[in-house]
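# Let me see the structure of the following:
(2 chains)
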Number of protein chains: 2
Amino acid sequence: MNAEIIAVGSELLLGQITNTNARFISGNLAEIGINVYYHTVVGDNADRLKETIAIAESRADLIIFTGGLGPTKDDLTKETIAKHLGTTLEMDNEAMVSIAAFFERAGRPMTENNKKQALVLSGGEVLVNENGMAPGMMYKNGDHLYMLLPGPPHEMEPMFQFEAKPKLIRLLNKEDVILSHVLRFYGIGEAELEDRLQDILDKQTNPTIAPLASAGEVTLRLTAKTDSTEHAWTLINAAKEEILERVGQYLYGYDDDSLASKAIDLLKAQGKTVSAAESLTAGLFQSELASVSGASAVLSGGVVTYNEQMKIQQLGIMPEFFGQHSVVSEETAAAMAAAVREKFNTDISVSLTGAAGPDAHGEQPAGTVWIGIASEQGTKTYRLQLSGMRNTNRIRAVKLALYYLIRTLTEEEARKI
Amino acid sequence: MNAEIIAVGSELLLGQITNTNARFISGNLAEIGINVYYHTVVGDNADRLKETIAIAESRADLIIFTGGLGPTKDDLTKETIAKHLGTTLEMDNEAMVSIAAFFERAGRPMTENNKKQALVLSGGEVLVNENGMAPGMMYKNGDHLYMLLPGPPHEMEPMFQFEAKPKLIRLLNKEDVILSHVLRFYGIGEAELEDRLQDILDKQTNPTIAPLASAGEVTLRLTAKTDSTEHAWTLINAAKEEILERVGQYLYGYDDDSLASKAIDLLKAQGKTVSAAESLTAGLFQSELASVSGASAVLSGGVVTYNEQMKIQQLGIMPEFFGQHSVVSEETAAAMAAAVREKFNTDISVSLTGAAGPDAHGEQPAGTVWIGIASEQGTKTYRLQLSGMRNTNRIRAVKLALYYLIRTLTEEEARKI
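Next up is the predicted model:
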């Protein structure tokens, strides 16, 4: 079975929102072995949507639509598909009850156009929307399976995960086992990684090995296709061993790991707590750690000291200190890390100070960042020079700080043994 | 001129990354009046890429490719296009020099596969890459204009903005003026907004009025097409006045405003400083404020107190307090806001405490959030009940806190006058 994902919405073509739905659905389809060959985005225009459907039918078995199920006039996905498939729309009572209940809870009157959301394709199957008003739909026609999902990600994602995906798994031919395993690297470029693995990549067939780079990270996705889970793991593990012999020192995690989840795991395993003092990143580092469920066991908190005055007042750094050292300097990063560790009484602490841009900070050019890590082993500092735009620099600084935190935790543990 | 944007990369179809490039380019094309009718994503597969090009040629004048210009074997965009257009690839000396310089600076040896990046389409125009190694290209063939851009957003975005967009503007027919103006609302649903404006939306022709909802916000984009900028503004202002008469109380900003930029603008205008104490959002609120360039003039900083112990130690809340009140409560939100305002000595302060999920917090169900705002007028608190997933809840809580900050600043200013 191969799939095409069609997102419907002029707001996508106007650049007002990003098509995150296609990514979410694709990742989930990859997991269950359905190949996605195309994503398409088309506007709220019935004629162009019809043409898009025809093209998709010529090249895909499963056609998944997102968006255009809402209450407004330009929501025309199900109307257009019904016409194209020669079926009609009918009121789904369960959806109608849930729409009425929604307005009841919100204490607002239900407007007329909201009722339209309860209409579904006659002869199809309804996918319940637990987080919004528009139900989803599945419709089988000849060799094609059509799936209609709402546009807002917080409605679409749980509907796909809990309603649509289990139905797709049941439909699939269960004879093939497809298994993916992702290796995550940090501190090595994509080209260099590939260069070191060139002969392995050249001979790859099963598992296939796909490299991918993003914001300082590189991943390798190993995908094996065979007749049993056990054999799939044997194939993957053999390739993995060969790869890690060459570039194992850059590996930081697997699959759904992120730098933040890896750091939290290490802190938990070592029974350590962490705090942070942030300047240019203004809380983004702590927020990234807290995005991992269960972070509260190890993340005590920290401070955001966005100007010199606050570094003095909140971290107890002496005013004279800034007579000798710039706010963006190795010494300030070290002082911030040590001060927040003491103040929050944690085992380890991280500091970030820098000039995010667009302006330089005194003699420090835009993009200069200092990271400090304090632990009972003492305080270390790292300098980085970034060249991106303001908010890209802030994200890269956070990733690098997470990487140094992981490295420090790993090294200190290794020294103990 | 109408455009199609084709992103090339199997990582997009595997759901490993999101196609943010299509959004960025679309937004920029909308600004200069180029209609985008389709986005397509295709994998690293020469045959399917060829078919995609043929379809795009049948429905677009301008075809913009992103991705597949890198050093690795599966980067095949320019090779496939050269073959399709019957041209060859040649070495661009300037690009080669800049690639060599990059490795020099990085202190790494240049690998063989990196040289491939300096190859460009013979007979085309080169777009310089200031942030990476692969140059972009423009190529004219009959009625079609082809543009090839690198995949990584931090390379593509500046290249498009500073190299490609000015060239497109020069190519455009300058007789039409197309002007867009966005009205930004908060605190009203999309369906309700549309219901209240139904008759205005029904009769719209010039300007066109397009509603869009995302994460608690709704926007209306008014786009006028006429023969002069002055007349375009006259058309837009007339429609705007009619709209704001009905729903003006929900308006918070225009165009590129965000809740964060609006809050920063108000703080600057009123000469006020702000601090924050965050629990469930762990720094995300402060980081959102700091994402606005120039935030340092008004954002002093704040604390992240991720557990009860830290609320006691860092904010000076008495241990007995938590014997009487839950960490997720109106009283705690009020105490946190008041304490951080005093500690950071700011005019106004914001606190966030809650249960982001997936677990409940004692008697407070997952999704319960309390927001506190403290100013010289006293402390106010707001409760919200969110139903999304963990990180969605955190983002929504931040948006709502920004909204209450804006409302407080606006009301206090109004009271003064």
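
# Could you use CA atoms for every contact and neighbour count after this?
Will do.

# how close does A:Ala54 sit to A:Leu12?
According to Cα to Cα, to the nearest Å, A:Ala54 and A:Leu12 sit 21 Å apart.

# what do you get for A:Leu168?
27 Å.

# if we can go back for a sec, neighbour count: A:Ala54 and A:Leu12, which is higher?
When A:Ala54 and A:Leu12 are compared for neighbours, A:Leu12 comes out ahead with 24 against 12, by other Cα atoms under 10 Å in any protein chain shown.

# any idea which element that one lies in?
helix A:10-13 (DSSP states H and E).

# can you dump the C-alpha coordinates of that helix into PDB?
The C-alpha trace of helix A:10-13 is given here as PDB (Å, rounded to 0.1, in the frame of the first residue of the first chain):
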ATOM      1  CA  SER A  10      -5.300  28.400   1.200                       C
ATOM      2  CA  GLU A  11      -3.700  29.500   4.400                       C
ATOM      3  CA  LEU A  12      -1.000  26.900   3.700                       C
ATOM      4  CA  LEU A  13      -0.400  28.400   0.200                       C
END
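
# Same question for it: list its buried residues.
Buried residues in helix A:10-13, defined by neighbour count with 16 or more other Cα atoms under 10 Å in any protein chain shown: A:10-13.

# Among those residues, show me the least confident.
Across the buried residues of helix A:10-13, the smallest pLDDT goes to A:Glu11, namely 88.

# what are the ranges of the helices in the stretch 151-300 of chain A?
Counting by DSSP state H, counting those that start in this stretch, the stretch 151-300 of chain A has these helices, from start to end: A:153-159, A:165-171, A:190-196, A:198-203, A:229-247, A:259-270, A:284-290.

# Quick one: closest of these to chain B.
Proximity to chain B (Cα to the nearest Cα) singles out helix A:284-290 among these, at 4.7 Å.

# Extract the C-alpha set from the closest one and format it as CSV.
Extracted in CSV, the C-alpha atoms of helix A:284-290 (Å, rounded to 0.1, in the frame of the first residue of the first chain):
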residue,chain,number,x,y,z
LEU,A,284,14.3,28.1,26.4
PHE,A,285,16.9,25.7,27.8
GLN,A,286,14.8,24.9,30.9
SER,A,287,11.6,24.8,28.8
GLU,A,288,13.3,22.3,26.5
LEU,A,289,14.2,20.0,29.5
ALA,A,290,10.6,20.4,30.8
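
# so what's the residue of the stretch 201-350 of chain A found nearest chain B closest to, chain neighbours aside?
With Cα to the nearest Cα, the shortest gap between the stretch 201-350 of chain A and chain B falls at A:Gly283, namely 3.8 Å. Leaving aside its chain neighbours, A:Gly283 sits nearest to B:Gly283 (3.8 Å; criterion: Cα to Cα, 6 or more residues apart in numbering or on different chains).

# what do you get for A:Asp257?
Using Cα to Cα, 6+ apart, the closest residue to A:Asp257 is A:Arg184 (7.9 Å).

# next one: A:His361
Nearest one to A:His361, counting by Cα to Cα, 6+ apart, is A:Ala355 at 5.7 Å.

# Could you verify my assumption that that neighbour touches A:Glu363?
No: using Cα atoms under 8 Å, A:Ala355 is not in contact with A:Glu363, being 10.4 Å away.

# Look at those two and report which has more neighbours.
A:Ala355 (26 against 8).

# For chain B, see how far away the more buried one is.
Distance from A:Ala355 to chain B, counting by Cα to the nearest Cα, to the nearest Å: 11 Å.

# so who does that residue touch?
By Cα atoms under 8 Å, 6 or more residues apart in numbering or on different chains, A:Ala355 lies in contact with A:280, A:328, A:361, A:364-369.

# out of these, which is most surrounded?
Using other Cα under 10 Å as the neighbour test, these are led by A:Leu280, with 29 neighbours.

# close enough to count as contact, A:Val177 and A:Asp227?
Yes: contact criterion Cα under 8 Å: A:Val177 and A:Asp227 qualify, at 5.5 Å.

# which of the two has more neighbours?
Legend: neighbour count by other Cα under 10 Å for A:Val177 and A:Asp227, higher for A:Val177 (17 against 13).

# In contact with the more buried one, which residues are there?
A:Val177 touches A:225-229, A:232, counting by Cα under 8 Å, 6+ apart.
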